[in-house]
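Asks: pasting the sequence and the predicted coordinates here, then a few questions.
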Amino acid sequence: MSRGRVAKSVSLPAPTGGWNARDNVDDMDPLDAISLVNFIPRNNNVELRAGHEVFATDMGSTVIRTLHEHLDTNGVAKLLACTNNGDIFDASNPGAATLIGTGASSDIWSWAMMDGFSVGVNGENQCKKYTVGGGLSDTVFTNINLVSDDKFVQVNAYRGKLYFVEKDTANIWYAADGAISGAVARFPVGKIFARGGHALWTATWTRETGANSDDILVIASSNGEILLYRGADPAASDWTLTGRVEVASLLGRRSFFRNGPDLVIITQNGVYPLSALLAIGQANQYSNLSDKISGAFGTAGKDYGSLAGWCGLLHDKGRFGFINIPISLTSFKQYVFNPQNRSWCCFTGLNGYSWVVYKDDLYFGGINGKVYKADTGKTDNNASIAAECHWAYNYLRNRRDEKRFIELTPIMSTDGTLNVTISSDVDFKNKASSSTVTIRANNGQPWNTGPWNSFRWGGGEVYVKRNCGTRGLGRNISPRISGAFSGTTLNIESMQVLYEIGGIR
């Protein structure tokens, strides 16, 4: 005897677990997403990323491969932009940038700050120094081995000294205390590198030890070897090799960035906090920061690892960090993580070769002689932001029974008008059904004063509940929200699924 079916409703929270490019689609956490493009996973919702806009111009039509924030001792900040035609600009203010240097043979600069000076090297030209009052000029480092300092390709400040990497060698050079010119001494590490290769970069890692902290000099090789030295001077008796770590090949001279006191290292197989790599003998599920997207990251490292443009950055104000992925000489995407819950998403539409945080805001060097301000506004330089949120497949707590899916009801908030495509995939088949709805924030009504299809809930945004018909017969469902959004915010809170149990009753 057949009995009438009773419709059931299940609310699926927004995929705050973020993009999962590691697990099988049939084995994902319900809080994960199959794809999360231009939506940032927060703790309680997923949020459409902000846009970008032109900031500084008149630097030709070339790629801006290096950006550097200079901070004077009096607190004045400047933004330096280095282009691939050998020019260096002051791009500190909106509008036309000011040329301050020219004639460089390489535009891949490395800069370090010490005592109010910025010191820059590029492995081809004379070292540079910069202050706001003194501008940009040459600075000369000399040594008894008569190796020209135009071979210095990377610079780092550690415990009051500048440390330089000599191009295509395993030699590290260091200056005197506080010196931005003058004699440098050689510290060879080739005999320490068990894997061989040349020195790639040095960095300073602040090791937290309870109530105290200790600065460590980190030296990375081209073959994925990390050396850690403690002490104030390689010539002093307290200079000690305190650790050695081997990882996959590093992705260029910018394959590291700071995350608070920690140092994060970008390798061909993943992204690793140095503190986690050194947790030898301890179970540490977060040793690979990018573990959740290991499939996508490994593919990107294999396919694009030889391209220049890899780098990473933490944007505290925006509450996210990211790895810049070069897809070609002119196309880039970013793998983005939430530092609080280590969930990931992917940004597209931001073609930045170089990135910097300047005055707490995020900027990138474009491929057209312009510097852009990122994480601002509601368009991508007046273009729409294409975004997609694709939930993991969900059996709705019942893997056995087939279901007839009737209706999807997203709960979202917005402050404008947008067209949203609501679709669903059933039993791993893409887009069983879809519908496009128009949502207008000014249609919202105060809470509890009208039908619950839109209501205002504090601030300038309107929370919207829209019923969308769906079709599909299967055991699991994967909702999807997508669209090209312009001039509006969009936060996704949850998705309600209305369904009936299928089959003979």
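Replies: On my side now, so go ahead. Numbers count the residues shown, from 1 in each chain.

Asks: from Tyr158, how far off is the nearest residue to Arg399 once chain neighbours are set aside?
Replies: Distances taken as C-beta to C-beta, 6 or more residues apart in numbering put Arg475 closest to Arg399, at 6.4 Å, once the chain neighbours are dropped. In short, each C-beta sits where N, CA and C put it, glycine included. Counting by C-beta to C-beta, to the nearest Å, the separation of Arg475 from Tyr158 is 58 Å.

Asks: higher neighbour count, those two?
Replies: Tyr158 (20 against 17; other C-beta atoms under 10 Å).

Asks: can you name the residues that contact that one?
Replies: Thr202, Thr204, Asp215, Leu217 (C-beta atoms under 8 Å, 6 or more residues apart in numbering).

Asks: can you pull the contacts of the residue lying closest to Cys346 once chain neighbours are set aside?
Replies: In space, and not counting its chain neighbours, Cys346 is closest to Val37: 5.2 Å by C-beta to C-beta, 6+ apart. Val37 makes contacts with Cys345, Cys346, Phe347, Thr348, Ala386, Ala387, Glu388, as judged by C-beta under 8 Å, 6+ apart.

Asks: swap the cut-off to 10 Å and go again
Replies: Contact partners of Val37, counting by C-beta atoms under 10 Å, 6 or more residues apart in numbering, are 19, 49, 333, 345-349, 385-390, 482.

Asks: for Gly75, state which of the residues you listed is nearest.
Replies: Among the contacts of Val37, Arg49 lies closest to Gly75 (C-beta to C-beta), at 30.3 Å.

Asks: next up, the contacts around that closest one.
Replies: 37-40, 318, 320, 334, 336, 345, 347-350, 374-375, 380, 385, 387, 485, 490.

Asks: how about a cut-off of 6 Å?
Replies: Going by C-beta atoms under 6 Å, 6 or more residues apart in numbering, Arg49 touches Asn38, Ile40.

Asks: separation between it and Ser384?
Replies: 13 Å.

Asks: likewise Ala50?
Replies: 13 Å.

Asks: more neighbours, the two?
Replies: The residue with more neighbours, out of Ala50 and Ser384, is Ala50; 19 against 16, by other C-beta under 10 Å.

Asks: how are the helices of the stretch 201-350 of the chain distributed by residue range?
Replies: 274-277, 294-304 (DSSP state H, counting those that start in this stretch).

Asks: how about the last one: buried residues?
Replies: Taking 16 or more other C-beta atoms under 10 Å as the basis for neighbour counts, the residues of helix 294-304 that come out buried are Ser294, Ala296, Phe297, Gly298, Ala300, Gly301, Tyr304.

Asks: let me know the closest of those residues to Arg399.
Replies: Ser294 (26.0 Å).

Asks: stretch 156-176 spans what distance, first to last residue?
Replies: 13 Å (C-alpha to C-alpha, to the nearest Å).

Asks: next one: stretch 44-53
Replies: In stretch 44-53, first residue to last residue: 28 Å (C-alpha to C-alpha).

Asks: now stretch 87-100 - C-alpha only, PDB.
Replies: Extracted in PDB, the C-alpha atoms of stretch 87-100 (Å, rounded to 0.1, in the frame of the first residue of the first chain):
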ATOM      1  CA  ASP A  87      62.900  51.700 -13.800                       C
ATOM      2  CA  ILE A  88      62.100  52.300 -10.100                       C
ATOM      3  CA  PHE A  89      59.100  54.500  -9.100                       C
ATOM      4  CA  ASP A  90      57.700  56.100  -6.100                       C
ATOM      5  CA  ALA A  91      54.100  54.900  -6.300                       C
ATOM      6  CA  SER A  92      53.100  56.000  -2.800                       C
ATOM      7  CA  ASN A  93      50.100  58.100  -3.800                       C
ATOM      8  CA  PRO A  94      47.100  57.700  -6.100                       C
ATOM      9  CA  GLY A  95      47.700  58.800  -9.700                       C
ATOM     10  CA  ALA A  96      50.900  59.200 -11.600                       C
ATOM     11  CA  ALA A  97      54.000  57.600 -10.000                       C
ATOM     12  CA  THR A  98      57.300  59.500  -9.800                       C
ATOM     13  CA  LEU A  99      60.400  58.000 -11.500                       C
ATOM     14  CA  ILE A 100      63.300  57.800  -8.900                       C
END
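
Asks: show me which residues of that stretch are buried.
Replies: Asp87, Ile88, Phe89, Asp90, Ala91, Ser92, Ala97, Ile100.

Asks: what does stretch 155-171 give?
Replies: So stretch 155-171, judged by 16+ other C-beta under 10 Å, has buried residues 155-158, 161-167, 169-171.

Asks: also stretch 418-427?
Replies: Leu418, Val420, Thr421, Ile422, Ser423, Ser424, Asp425, Val426.

Asks: count of neighbours near Asn45?
Replies: Count around Asn45 with other C-beta under 10 Å applied: 20.

Asks: dump the residue contacts of it.
Replies: Counting by C-beta under 6 Å, 6+ apart, Asn45 touches Ala14, Asn491, Ile492, Glu493.

Asks: tell me the one of these nearest Ser137?
Replies: Using C-beta to C-beta, the contacts of Asn45 come closest to Ser137 at Asn491, 49.3 Å.

Asks: thought that closest one was touching Ser413?
Replies: Yes. In terms of C-beta atoms under 6 Å, Asn491 counts as a neighbour of Ser413; the distance is 4.6 Å.

Asks: neighbour count for the two, which is higher?
Replies: Ser413 (23 against 20).

Asks: and for Gly18, the neighbour number?
Replies: Gly18: 27 neighbours (other C-beta under 10 Å).

Asks: what does Trp19 give?
Replies: 26.

Asks: and for Leu307?
Replies: If you count neighbours by other C-beta under 10 Å, Leu307 ends up with 15.

Asks: same check, this time on the one 3 residues further on
Replies: Around Trp310 there are 23 other residues, counting by other C-beta under 10 Å.

Asks: what sits closest to it if chain neighbours are left out?
Replies: Leu251 (4.1 Å).

Asks: about what we covered before: among the buried residues of stretch 87-100, which pair sits farthest apart?
Replies: Asp87 and Ser92 (15.5 Å).

Asks: give me the distance between the two termini of stretch 255-265.
Replies: OK, stretch 255-265 end separation, C-alpha to C-alpha: 6 Å.

Asks: identify the residues contacting it?
Replies: So stretch 255-265 is contacted by Ala203, Trp205, Thr206, Glu208, Ile266, Tyr272, Pro273, Leu274, Ser275, Gly312, Leu313, Leu314 (C-beta under 6 Å, 6+ apart).
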